[in-house]
Structures are given as C-alpha cells and as structure tokens.
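Asker: how would this look folded up:
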Amino acid sequence: MRPRRPPANPAARTHAPRGRATPAATTGGVRHGLARVLSKAGVCSRTEAARWIAAGRVSVDGRVVHDPEFPILAGRHHVKVDGQPLDAAPRIYLMLNKPRGLVTTAQDEQGRDTVYRCFDGAGLPWLAPVGRLDKASEGLLLFSNDPQWAAALMDPATGPDKTYHVQVDGIPDASMLAAFCAGIEDDGEFLAARAVQVLRTGEKTAWLEVVLEEGRNRHIRRLLAAFDLQVLRLVRTGIGGLVLGDLPKGQWRQLQQEDRRQLEAVVVPG
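Answerer: Residues are numbered from 1 along each chain as shown. Have a look, this model is predicted:
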C-alpha cells in the first residue's frame with residue numbers, strides 16, 4: 001500500500017501572509033503573479049508594475065493588493081489600475097526613426113540617454129520596444145503596448161524580414177557577398193544574411209543592403225567582422241513591407257491600418 005500523506009496542519013492554513021492566496025485558493029488553474037499579469041497586459045514593465053502595486057494603485061476584485069506575486073487566475077480575478085480595468089487601455093502601435101547614440105531600454109544603469117527621450121512630452125502610455133537596435137545603430141524601431149502583437153513580429157520562425165543599409169570600410173566582391181549569405185559560426189551562433197547587395201561604392205567604402213530573417217545581438221556587425229569589414233554606419237530601413245521612408249530622425253508616428261498590414265506577414269493574434 002502507498003503510505004498515506006500526513007494530515008495538513010490546520011494552523012498553517014490560517015496564517016498565510018497577507019496579500020497572498022492560501023494553498024487551497026491557488027488550485028483549479030494556472031495562475032501568474034500580479035506584476036507579471038500587468039506586464040503581459042501591456043500597461044507597464046514588470047518592474048514598474050511592482051512599484052504600482054507597492055504604492056497601492058492596483059486592486060484585485062475590489063481589494064487593494066500590495067504583493068507583486070499575488071496569484072491571479074485569468075477569467076476569475078478582475079484587476080484594476082487606478083480604478084480602471086486592464087483592458088480599458090487602448091492599444092498603441094508606433095514607429096520611431098531612432099537616432100544614433102541612444103540605447104533601446106527604458107532605464108539605463110550607466111545613465112546613458114535612451115530612446116524614450118524621443119517621446120518626452122508626448123503624453124503616451126507605457127510602450128515597449130518591439131525588437132532592439134544597439135546604441136550605434138539607427139533607423140526603424142517599433143513600439144507598442146500589445147505584447148501578443150509584438151511577440152508575433154519578433155518570432156524568428158514567422159516574423160517579417162528586417163532590411164538594413166550598411167556602410168562598410170571596404171568594397172566586397174561577389175564571392176564575399178555570397179559568403180555573407182552562406183553564413184558563419186560565431187560564439188556558438190550561426191549568423192547569415194538572407195540577401196545582400198551593393199547599393200553604391202566610393203573609393204574605399206561601400207553601402208550594402210542587408211536583409212535578415214532573424215536578428216541576433218549585433219548580428220550584422222559580427223557577420224561582417226568575420227570578413228574583416230568594419231561597419232561605419234548601420235540604418236534599419238524596413239521591417240516586412242513597412243519602410244522608414246522620410247520620417248525625420250528622432251521623430252515618431254503612429255502606425256495606420258495599412259502600416260500594420262504591411263508588417264503582418266503572418267496572422268498576428270489580436
């Protein structure tokens with residue numbers, strides 16, 4: 001016979017920490033911490049959610065909760081921020097022409113300027129970058145408070161291609177361009193371009209158009225460095241069918257319905 005489990009201690013059930021559900025209350029479905037739920041709803045980052053919760057701005061079923069790990073079950077609990085339901089916030093989708101020298105993060109530990117400087121005074125809700133551009137790179141960068149839409153665009157298996165214009169300190173020949181597409185192994189990662197062509201050349205430099213299916217960290221810089229080419233300038237000019245166009249550097253605009261159709265090469269969950 002299987003040994004019987006010892007009976008639970010009734011006293012342990014009556015002294016659960018304030019703000020946390022008891023073990024009996026956490027059965028019957030998959031639950032997630034309150035801060036994670038706010039983040040996944042697209043209203044703020046998880047770090048910011050924890051601050052809001054600690055400040056008493058978040059309620060669950062009409063009761064203010066101060067625990068960021070308070071377990072939430074979708075469809076059962078009703079969460080509000082400042083008295084407003086989570087689903088009341090409108091979804092926003094926008095594109096920014098990122099200037100060189102800004103880091104793609106909300107807060108930088110080194111005190112560097114971030115891309116959010118471009119939104120100063122705009123009165124926008126919390127938005128997350130959809131993908132990244134490193135500090136030295138420029139061009140098309142998307143933002144949204146719709147996590148499902150963002151995840152679909154960033155999925156390496158189904159997301160849209162990204163197009164870059166890249167200035168290098170050399171003039172690659174046809175065999176080198178083919179090698180870019182054949183790819184290399186670098187630090188345990190396979191790096192390759194889907195397509196590369198020369199746009200124009202100078203005496204010692206060239207501008208290339210590079211198309212990536214999947215963008216890894218510093219993908220293009222690492223790929224070209226393997227062929228002794230230094231990137232002098234890197235501008236993302238397109239994502240799927242959406243192009244940067246004549247949007248001025250440091251400026252942004254909201255995406256129109258046609259813009260989103262250009263982006264959504266696959267069915268994006270709504």
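
Asker: how about the helices in the stretch 51-200 of the chain?
Answerer: Per DSSP state H, counting those that start in this stretch, the stretch 51-200 of the chain has helices spanning 147-154, 174-182. These are given in chain order.

Asker: remind me, longest strand of the protein?
Answerer: strand 231-239 (DSSP state E).

Asker: That one: partners in the sheet, and parallel or antiparallel?
Answerer: According to DSSP bridges, strand 231-239 forms sheet pairs with strand 138-144 (parallel), strand 162-168 (antiparallel), strand 242-243 (antiparallel).

Asker: Run the angle between the first one and helix 147-154 for me.
Answerer: I take that to be strand 138-144. Angular relation of strand 138-144 and helix 147-154 on a 0 to 180 degree scale: 150 degrees, by axes from the mean of the first three to the mean of the last three C-alpha atoms, to 10 degrees.

Asker: Show residues contacting strand 138-144.
Answerer: Residues outside strand 138-144 that contact it (C-beta atoms under 8 Å, 6 or more residues apart in numbering) are 42, 91-100, 104, 115, 127-133, 150, 153, 164, 233-239, 242-244, 249, 252, 255, 263. C-beta: built from backbone N, CA, C; applies to glycine.

Asker: Make JSON lines from the strands paired with strand 231-239 and add distance to Lys204, mean neighbour count and mean pLDDT to it.
Answerer: Converted to JSON lines, those look like this (distance: least, C-beta to C-beta, whole Å; neighbours: other C-beta atoms under 10 Å; pLDDT from 0 to 100):
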{"stretch": "strand 138-144", "distance to Lys204": "22", "mean neighbour count": "23", "mean pLDDT": "97"}
{"stretch": "strand 162-168", "distance to Lys204": "10", "mean neighbour count": "21", "mean pLDDT": "97"}
{"stretch": "strand 242-243", "distance to Lys204": "29", "mean neighbour count": "18", "mean pLDDT": "96"}
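
Asker: For these, give me a markdown table that also has distance to Phe190.
Answerer: A markdown table is the format used below for these (distance: least, C-beta to C-beta, whole Å):
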| stretch | distance to Phe190 |
| --- | --- |
| strand 138-144 | 24 |
| strand 162-168 | 17 |
| strand 242-243 | 26 |
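
Asker: closest one to Gly83 among these?
Answerer: Shortest distance between Gly83 and the strands paired with strand 231-239, using C-beta to C-beta, is found for strand 138-144: 24.2 Å.

Asker: Run the chain-centre distance for the closest one.
Answerer: Distance, stretch centre to chain centre, for strand 138-144: 10 Å (C-alpha atoms, centre = their mean, to the nearest Å).

Asker: same question, stretch 199-213
Answerer: In terms of C-alpha atoms, centre = their mean, the centre of stretch 199-213 is set 28 Å apart from its chain centre.

Asker: related to what we said a few turns ago, single out the most deeply packed of the helices of the stretch 51-200 of the chain.
Answerer: Scoring those by mean neighbour count under mean count of other C-beta atoms under 10 Å gives helix 147-154 as the most buried, with a mean of 18.

Asker: Run through this structure and note the low-pLDDT ranges.
Answerer: Within the chain, the ranges that satisfy pLDDT under 70 run 1-29, 42, 88, 265-270.

Asker: which one of the strands paired with strand 231-239 lies closest to Ile72?
Answerer: Ile72 sits nearest to strand 138-144 of all the strands paired with strand 231-239, at 22.4 Å, using C-beta to C-beta.

Asker: What strand or helix carries Ala49?
Answerer: Taking DSSP states H and E as the criterion, Ala49 maps to helix 46-54.

Asker: May I see the buried residues of that helix?
Answerer: Neighbour-count burial for helix 46-54 flags Glu48, Ala49, Ala50, Trp52, Ile53 (criterion: 16 or more other C-beta atoms under 10 Å).

Asker: hang on, the earlier thing: can you redo the helices of the stretch 51-200 of the chain as JSON lines with distance to Glu203?
Answerer: Below are those laid out as JSON lines (distance: least, C-beta to C-beta, whole Å):
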{"stretch": "helix 147-154", "distance to Glu203": "39"}
{"stretch": "helix 174-182", "distance to Glu203": "18"}
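
Asker: Any figure for the gap between Arg76 and Ala49?
Answerer: When distances are taken as C-beta to C-beta, to the nearest Å, Arg76 and Ala49 turn out to be 19 Å apart.
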